[in-house]
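Undergrad: here is my input, please return the structure:
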Amino acid sequence: MPPTKRRATKPAQAPELLALYRQMVGIRRFEERAARAYTEARVGGYCHLNLGEEATVVGLMSALRTDDYVFTNYREHGYALAQGIAPERLMAELYGRSDGVSKGWGGSMHMLDASARFMGGYGIVGGQIPLATGAALAIDYRGGSEAVVCLMGDGTTNIGAFHESLNIAALWNLPVVYVVVNNGLGMGTTVEMSSAEPELHRRATSYRMASACVDGNDPIAVRDAARIALDSARAGKPYLLETRSGRLKGHSVVDPARYRSQDEIAAVRDADPIAAFALHLRDAGVLTDDLVAEIDAAALAAATAAADFAEASPHPDVASLFDYTYATPVPNDSRRLPGHALYPAAPRPAAREAEAVNA
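TA: Numbering: from 1, shown residues only. Predicted coordinates:
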């Protein structure tokens, strides 16, 4: 996507713009520290990072109200940070520790904090879409004014749940915004090779749903587009928003991304949203070299402190493994741990017990 022509910055906007920049840098340094922790075997399972998508993250999240709900896929760390979840709790969750946002049982892909209305990352591709649509139905049923934002990658638009959810949201006028974060690659396959309609926001027309596509490397453009989408959703008109931003690394921490050419990698790096936004703020007189260094140092210190906190946090007690399987008590809930018998041993007859003792 060609560079965005940015509008002139007004002095009154400076604090808000600096806050967006601080968040972007904070997410970048957190994700870099998470990647290091993964290579140090501190993070188990899979780990997917928002590196290169920071402008989309902060632009979108800055448009939300505090009572709105967020559902994401497994690339969710940046969204959780932007939602106000403390980096210490977030890193502890990546480490699988009891001070984590989900008490260490969710990990990188499945963290959830209902108190922040951050309704989870989902490891199943598209698993969040029906749930987000159901949450929007609940809001509509209660007559609430909240909205739901449902995030997904470009590859998710090819699964059945995407179409089914958009169809029912349009039929029932649900307050939900579906956001497709299009980094051009569904794992290692390009959008053009996997979708007969690569302009993904156009898929909304099948359901007579409003949609738009925005430069995901421009946080202001994303914020403004998200505000329009959320206003539409609150008025009972669901919305599909596509943001386009490249990812700096592979699909996950362990993906070397050999399917990308050196020219493609260079193009993504040249479009780095943090560097581009910093240049814009410098030109506007909002950011100086000293302030850039100060913000970066603070973000690096916060990421280091989060990792130290996570390292010091205790592991969950094995006895609590089943504590959060169900929201409410369920009859006959199994709490069998590995090595435990499937069924309790039947009591031995008294006569056989006596024989065993005499033998």
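Undergrad: so Ser252 sits right up against Gly45, yeah?
TA: No: in this structure, Ser252 sits apart from Gly45 without contact. The criterion is Cβ atoms under 8 Å, and the distance is 9.9 Å. For glycine as for every other residue, the C-beta is placed from the backbone atoms N, C-alpha and C.
Undergrad: middle-most residue in this protein, spatially?
TA: Centrality entry for the chain: nearest residue to the mean C-alpha point is Glu76, 1.9 Å, by Cα atoms, centre = their mean.
Undergrad: could you find the closest non-adjacent residue to that one?
TA: In this structure, Glu76 finds its nearest non-sequential neighbour in Gly121, 3.7 Å apart by Cβ to Cβ, 6 or more residues apart in numbering.
Undergrad: show the model's pLDDT score for that neighbour.
TA: Gly121 carries a pLDDT value of 92.
Undergrad: in three-state terms, label it for me.
TA: The local conformation at Gly121, judged by DSSP: H, G, I helix; E, B strand; the rest coil, is coil.
Undergrad: make 57 the starting number, not 1.
TA: Sure thing, new numbering starts at 57, so read that last one as Gly177.
Undergrad: so how far is Ser376 from it?
TA: With the distance defined as Cβ to Cβ, to the nearest Å, Gly177 ends up 21 Å from Ser376.
Undergrad: of the two, who's got more company?
TA: Neighbour tally, Gly177 and Ser376, criterion other Cβ atoms under 10 Å: the higher count belongs to Gly177, 27 against 12.
Undergrad: please enumerate the strands of the stretch 107-256 of the chain.
TA: For the stretch 107-256 of the chain, applying DSSP state E, counting those that start in this stretch gives strands covering 125-127, 204-209, 232-238, 241-242, 245-246.
Undergrad: tabulate those (a markdown table), appending mean pLDDT.
TA: Rendered in a markdown table, the data for the strands of the stretch 107-256 of the chain read as follows (pLDDT from 0 to 100):
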| stretch | mean pLDDT |
| --- | --- |
| strand 125-127 | 98 |
| strand 204-209 | 97 |
| strand 232-238 | 97 |
| strand 241-242 | 87 |
| strand 245-246 | 86 |
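Undergrad: need those strands in a markdown table (columns: distance to Leu76 and mean neighbour count).
TA: Formatted as a markdown table, the strands of the stretch 107-256 of the chain follow (distance: least, Cβ to Cβ, whole Å; neighbours: other Cβ atoms under 10 Å):
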| stretch | distance to Leu76 | mean neighbour count |
| --- | --- | --- |
| strand 125-127 | 17 | 26 |
| strand 204-209 | 17 | 27 |
| strand 232-238 | 17 | 27 |
| strand 241-242 | 26 | 21 |
| strand 245-246 | 30 | 14 |
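Undergrad: okay if I get those as a markdown table plus distance to Ala172?
TA: Formatted as a markdown table, the entries for the strands of the stretch 107-256 of the chain read as follows, by distance: least, Cβ to Cβ, whole Å:
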| stretch | distance to Ala172 |
| --- | --- |
| strand 125-127 | 8 |
| strand 204-209 | 13 |
| strand 232-238 | 18 |
| strand 241-242 | 29 |
| strand 245-246 | 33 |
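Undergrad: surely the residue nearest to the centre of the chain is in contact with Met167?
TA: Yes: distance between Glu132 and Met167: 6.9 Å, which falls inside the contact criterion (Cβ under 8 Å).
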